[in-house]
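Student: Would you be able to build a 3D model of this:
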Amino acid sequence: MPCFSIEGVIPVVHPTAYVHPTAVLIGDVIVGPDCYVGPCASLRGDFGRIVLEAGANVQDTCVIHGFPHQDTVVEENGHIGHGSVLHSCIVRRDALVGMNAVIMDEAEIGAQSIVAACAFVPAGMKVPPRSLVAGLPAKVKRELSEAELDWKREGTLTYQELTRRCLESMVEVVPLTAVEVDRPSVRSAEVRSLIATKRD
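Tutor: Modelled structure (predicted):
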């Protein structure tokens, strides 16, 4: 992966984490156990520290950055959807940030909350735990149901399993020129079965 030190500060990636080779890590970035960092994500710890705690995932094309002397943190089992931007904020444990959402400076997403896709969470906003927030600017809509919390947990478990799948089998290849006979499928059905077993 493209990984750069700045002023002698080197990113840290736990050996059980998976960081895609096209993701970029710069400076004071700490990627914890069982984390997933997707293709073309940018984690720029050249001002403030960036921390991904155990089991968090940061998906394709996300951008994480922050001001000097401010940490940007995704706590345990945090789930950051495709294309999201986090800047000098905290995403508490088991929270989900939907695709293309923006979380601004000193905002805090409460534990087990969900930020809807494309929401804009303004600077300094404190989202209560177990809340659904949506809109431009984002507003708290309601408390989440148990079914919604289960849905979020299942999605995060899927990414934690993807981390293991990538560590075991992801390799760069030259594409085929034609579809082979008896082309295999990825292990999506097996993964769904495994997630259901863990949930039960």
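
Student: any idea which residue of the protein is furthest from its center?
Tutor: Computed with CA atoms, centre = their mean, the residue of the chain farthest from its C-alpha average is residue 181, at 35.8 Å.

Student: beta partners of residue 87?
Tutor: When bridges are called by DSSP bridges, residue 87 pairs up with residue 65.

Student: now for the helix ranked longest in the chain, which elements pack on it?
Tutor: As assigned by DSSP state H, the longest helix anywhere in the chain is helix 146-169. Counting contacts by 3 or more CB pairs under 8 Å, 6 or more residues apart in numbering; DSSP states H and E, helix 146-169 packs against strand 18-19, strand 36-37, strand 57-58, strand 79-80, strand 96-97, helix 188-199. All C-beta spots, glycine's among them, are computed from the backbone N, C-alpha and C.

Student: packing partners for the fourth one?
Tutor: Using 3+ CB pairs under 8 Å, 6+ apart as the contact test, the elements touching strand 79-80 are strand 57-58, strand 96-97, helix 146-169.

Student: The second one pairs with which strands?
Tutor: Which is strand 96-97. Applying DSSP bridges, strand 96-97 is found paired with strand 79-80 (parallel), strand 114-115 (parallel).
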